[in-house]
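Colleague: Provided below are the primary sequence and the corresponding predicted coordinates.
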Amino acid sequence: MELFTPDFGLVFWMFVAFIILFLLLAKFGWPMILKNMDKRADTIDKGVEYAREAKEQLDNARSEAQKYVAEAQKQQAEMLRDAAKMKTEIIEQARSEAAVEAKKVMDAAKLSIEQSRKEAELQFRNEVSKFSVEIAEKMLRHQMQSDKAQTELVNQLLDEIEKN
Amino acid sequence: MLDAIIKNQMTKLFSSILAIFISALLMVPGQAFASAEGGHEEKEGLDVKEIIFEHLGDGYGWEVPFSHFYRIPLPVIVKAEDGKWFCFSSGSLTEVVVEEDEATGKKEKHLLPVIKKITRDGKDYEFIIAKVSSHKDKVVQIFPLSPAEEADVKLKADSVAAATGVALSHAVVPGYVLQDGTYYREYRTFDISITKNVLALFICVIIVTAMVMAVTRHYTRNGFKAPRKGMGFMEMLIDFVYTGIIKSTLGAKKGRKFAPYLLTCFFFILVMNLVGLIVIFPGGANLTGNIAITLTLALLTFIVTNVMGKKHYWKEIFWPDVPIWLKCPLPIMQMIEIFGIFTKPAALCVRLFANMMGGHMIVITLILLIFIFAAFGMAAAGASVVVSVLFTIFMLALDVLVSFIQAYVFTTLSTMFIAASQEDGHEHHDKDGEIVPDTVEA
């Protein structure tokens, strides 16, 4: 049967055809296609990886931002609280300082009043003593107008000295 | 007459199945039908075997679409007995003879072989496509016989005819060819003609190259942007074979090394299978259903496997890991292994050949059923047209699937044979850290 006996001519040409096709494609076809397919697969892989990383970074950035916002809010609250505290402190301080100052002024006033009072007292005393001396002089002058009264007084004084 | 018209109708049938289908349904008696009825008494029934083998086999010319008798002439390249090379057109080996039937007035065409005579250096060389010869349908060189010799050959022919029961005009005497009632001594030329199959081979080479180059050109033009439509399908196929078969079996590094051979195999076989299913001119050559083609393909895998085989592969053949008594005094295992080297590619060869040839044969037989049943009358013919055409369409669709599967199977098995020859020792991981298959079954 012709169908089952290989024909040499056909084997020869098949060999030639296959070798031609193989050389053509092995040189110009397959390596480039496979290289490009691998390259594209790599690119896609990289793209996916990149997207995944970008998403991760975005998520990170978002959480970081939230963290910052929360921190800022915390700081704000703290600052407000501090400010309030400071306000009361300042008021308190001003009040106490004012009290001290007022006390000082009062003390000074008291002191000067006392001094003036003392001075006035002293002056008053001096005046009183001067008046009393003058009164006494006048009275003495009036009483010692007679000699007899003078002698009596001298005697009396002498008596007193003698007794001592 | 019956034969000729039936053949003519067959080609028409292939091309215009639908038209015949409708005409059969409407019970319009076609030409084939009428002639089958009329010609029944004149000639013996159709030679089914002859028709099948003519369609499955090779030829020196290629049928012009829809015409059985006119052939596209192809170059015949032969070496004569004295070592001289001759190249001439196959058109000069046949001629179409128109005969008129005197009784019915019908014209009938015959495609007959004629003697091609070439005179070179004062010597006559005669070639012919042998019909009644042991080299049927091949180009042979013929030499006229002396009257004494001729008488002797005729005597031999008589005894052959008597012994085998064939007609005297079909009795084959080895070494001689019968042409127009005369016996000649024949010499089977060394024949590397561009036959129908060879031309189809080169058409397939061009198709595969164009397909692959289209993808390559796409890459040079568009960088590595993914191709669309047809090229996308092509790339999908390449990826299917490369990733699915080659890379997964051989690993990335070795896969890359053997990929050009295996991918070429796959696409060449696929295209040859599919082109073989097309009925008219650029197709119609039963390439992968021809044992010469599959033998060459299997031989190439055999060469690649054994030439590239590593030390371990040869060690496994000549000193396999089996109990010593299986290999030492009597080389039982060695014999089995060496036998295996040859059976693996032989299986490849026969598997592809048988699958593709079987598909073609079933389709032709289904179509022939119409003409066989035509002899039983109109109703049988009409019914067989419907059934045959439906089955034929189904079979052709199945053959498209088989074409793909067989290309895939051939590539897969080739990859496995190569992988088996590429194993290094007992480490099952190669340098790339990829798993190399442990054992490979044929």
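Modeller: Cool, the structure landed.
Colleague: pLDDT-wise, which helix or strand of chain B ranks last?
Modeller: The helix or strand of chain B with the lowest confidence, counting by mean pLDDT, DSSP states H and E, is helix B:31-39 at a mean of 39.
Colleague: next secondary structure after that one?
Modeller: On the C-terminal side of helix B:31-39, the closest following helix or strand by DSSP states H and E is helix B:48-56.
Colleague: and that following helix, which residues are buried?
Modeller: B:51-53, B:55-56 (16 or more other CB atoms under 10 Å in any protein chain shown). C-beta here means a position set from N, CA and C on the backbone, and glycine is covered the same way.
Colleague: using CSV, lay out those residues together with distance to residue B:282 and pLDDT.
Modeller: CSV is the format used below for the buried residues of helix B:48-56 (distance: CB to CB, whole Å; pLDDT from 0 to 100):
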residue, distance to residue B:282, pLDDT
B:51, 22, 82
B:52, 22, 84
B:53, 22, 82
B:55, 16, 82
B:56, 18, 83
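Colleague: export these to CSV and tack on distance to residue B:309?
Modeller: As requested, the buried residues of helix B:48-56 are exported to CSV (distance: CB to CB, whole Å):
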residue, distance to residue B:309
B:51, 45
B:52, 41
B:53, 39
B:55, 40
B:56, 36
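Colleague: which element is the spatially most central residue of chain A on?
Modeller: Residue closest to the average C-alpha location in chain A (CA atoms, centre = their mean): residue A:82, at 7.3 Å. Residue A:82 is part of helix A:30-143 when elements are defined by DSSP H and E.
Colleague: low-confidence ranges in the chain?
Modeller: Chain wasn't specified; assuming chain A. For chain A, applying pLDDT under 70 flags the ranges A:1-2.
Colleague: ah, no, chain B please
Modeller: In chain B, residues with pLDDT under 70: B:1-45, B:224, B:425-442.
Colleague: run the chain-centre distance for the longest helix belonging to it.
Modeller: Ordering each helix of chain B by length in residues (DSSP state H) puts helix B:378-422 first. Centre-to-centre, helix B:378-422 and its host chain are 14 Å apart (CA atoms, centre = their mean, to the nearest Å).
Colleague: and that helix, does that touch chain A?
Modeller: No. On the criterion CB under 8 Å from any CB of the partner chain, helix B:378-422 is out of touch with chain A, staying 12.9 Å away.
Colleague: show me what that helix is packed up against.
Modeller: In terms of contacts (3 or more CB pairs under 8 Å, 6 or more residues apart in numbering or on different chains; DSSP states H and E), helix B:378-422 is packed against helix B:17-25, helix B:31-39, helix B:248-250, helix B:252-277, helix B:291-307, helix B:311-318, helix B:332-374.
Colleague: how about the residue nearest the centre of chain B: what's its closest non-neighbour residue?
Modeller: Closest to where the C-alpha atoms of chain B average out (CA atoms, centre = their mean) is residue B:290, at 2.9 Å. Nearest non-adjacent residue to residue B:290, counting by CB to CB, 6 or more residues apart in numbering or on different chains: residue B:197, 6.1 Å away.
Colleague: which strand or helix spans that neighbour?
Modeller: Counting by DSSP H and E, the element that carries residue B:197 is helix B:196-222.
Colleague: can you redo the helices and strands packed on helix B:378-422 as JSON lines with mean neighbour count and distance to residue A:158?
Modeller: Shown next, in JSON lines, are the helices and strands packed on helix B:378-422 (neighbours: other CB atoms under 10 Å in any protein chain shown; distance: least, CB to CB, whole Å):
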{"stretch": "helix B:17-25", "mean neighbour count": "15", "distance to residue A:158": "188"}
{"stretch": "helix B:31-39", "mean neighbour count": "18", "distance to residue A:158": "203"}
{"stretch": "helix B:248-250", "mean neighbour count": "21", "distance to residue A:158": "159"}
{"stretch": "helix B:252-277", "mean neighbour count": "22", "distance to residue A:158": "155"}
{"stretch": "helix B:291-307", "mean neighbour count": "21", "distance to residue A:158": "173"}
{"stretch": "helix B:311-318", "mean neighbour count": "14", "distance to residue A:158": "166"}
{"stretch": "helix B:332-374", "mean neighbour count": "18", "distance to residue A:158": "177"}
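Colleague: okay if I get those as a markdown table plus distance to chain A?
Modeller: Below are the helices and strands packed on helix B:378-422 laid out as a markdown table (distance: least, CB to the nearest CB, whole Å):
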| stretch | distance to chain A |
| --- | --- |
| helix B:17-25 | 26 |
| helix B:31-39 | 27 |
| helix B:248-250 | 13 |
| helix B:252-277 | 4 |
| helix B:291-307 | 4 |
| helix B:311-318 | 23 |
| helix B:332-374 | 7 |
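Colleague: turn the ones you listed into CSV, including distance to residue B:104.
Modeller: CSV is the format used below for the helices and strands packed on helix B:378-422 (distance: least, CB to CB, whole Å):
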stretch, distance to residue B:104
helix B:17-25, 22
helix B:31-39, 7
helix B:248-250, 65
helix B:252-277, 37
helix B:291-307, 43
helix B:311-318, 69
helix B:332-374, 18
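Colleague: tell me who's in contact with residue B:398.
Modeller: Counting by CB atoms under 8 Å, 6 or more residues apart in numbering or on different chains, residue B:398 touches residue B:359.
Colleague: one more pass at 6 Å, please.
Modeller: Residue B:398 makes no contacts at all, as judged by CB atoms under 6 Å, 6 or more residues apart in numbering or on different chains.
Colleague: residue B:219 too?
Modeller: With CB under 6 Å, 6+ apart, residue B:219 has these contacts: residue A:36.
Colleague: redo that, cut-off 8 Å
Modeller: Counted by CB under 8 Å, 6+ apart, residue B:219 has contacts A:32-33, A:36.
Colleague: go on, residue B:247?
Modeller: Residues in contact with residue B:247 (CB under 8 Å, 6+ apart) are residue B:255.
Colleague: picking that back up, which of the helices and strands packed on helix B:378-422 sits closest to residue B:130?
Modeller: For residue B:130, the closest of the helices and strands packed on helix B:378-422 is helix B:291-307, at 18.7 Å, according to CB to CB.
Colleague: packing partners of that closest one?
Modeller: Packing partners of helix B:291-307 (3+ CB pairs under 8 Å, 6+ apart): helix A:8-24, helix B:196-222, helix B:252-277, helix B:332-374, helix B:378-422.
Colleague: adding distance to residue A:50, write the ones you listed out as JSON lines.
Modeller: Formatted as JSON lines, the helices and strands packed on helix B:291-307 follow (distance: least, CB to CB, whole Å):
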{"stretch": "helix A:8-24", "distance to residue A:50": "38"}
{"stretch": "helix B:196-222", "distance to residue A:50": "22"}
{"stretch": "helix B:252-277", "distance to residue A:50": "23"}
{"stretch": "helix B:332-374", "distance to residue A:50": "45"}
{"stretch": "helix B:378-422", "distance to residue A:50": "35"}
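Colleague: wait, which of the ones you listed is closest to residue B:76?
Modeller: Residue B:76 lies closest to helix A:8-24 among the helices and strands packed on helix B:291-307, at 10.0 Å (CB to CB).
Colleague: in the closest one, what's buried?
Modeller: For helix A:8-24, by 16+ other CB under 10 Å, it's A:9-11, A:13-14, A:16-18, A:21-22, A:24.
Colleague: greatest separation within these: which pair is it?
Modeller: Counting by CB to CB, the most remote pair of the buried residues of helix A:8-24 is A:9 and A:24, 22.4 Å apart.
Colleague: interface residues of the stretch 101-250 of chain B facing chain A?
Modeller: B:136-137, B:190-195, B:197-198, B:201-202, B:204-205, B:208-209, B:212-213, B:215-216, B:219-220, B:224, B:226, B:235, B:238-239, B:242.
Colleague: cutoff 6 Å now
Modeller: By CB under 6 Å from any CB of the partner chain, the residues of the stretch 101-250 of chain B that approach chain A are B:191-193, B:197-198, B:201-202, B:205, B:209, B:212, B:215-216, B:219, B:224.
Colleague: quick check, nearest of those residues to residue A:78?
Modeller: Using CB to CB, those come closest to residue A:78 at residue B:224, 57.0 Å.
Colleague: does residue B:87 count as helix, strand or coil?
Modeller: Three-state assignment for residue B:87 (DSSP: H, G, I helix; E, B strand; the rest coil): strand.
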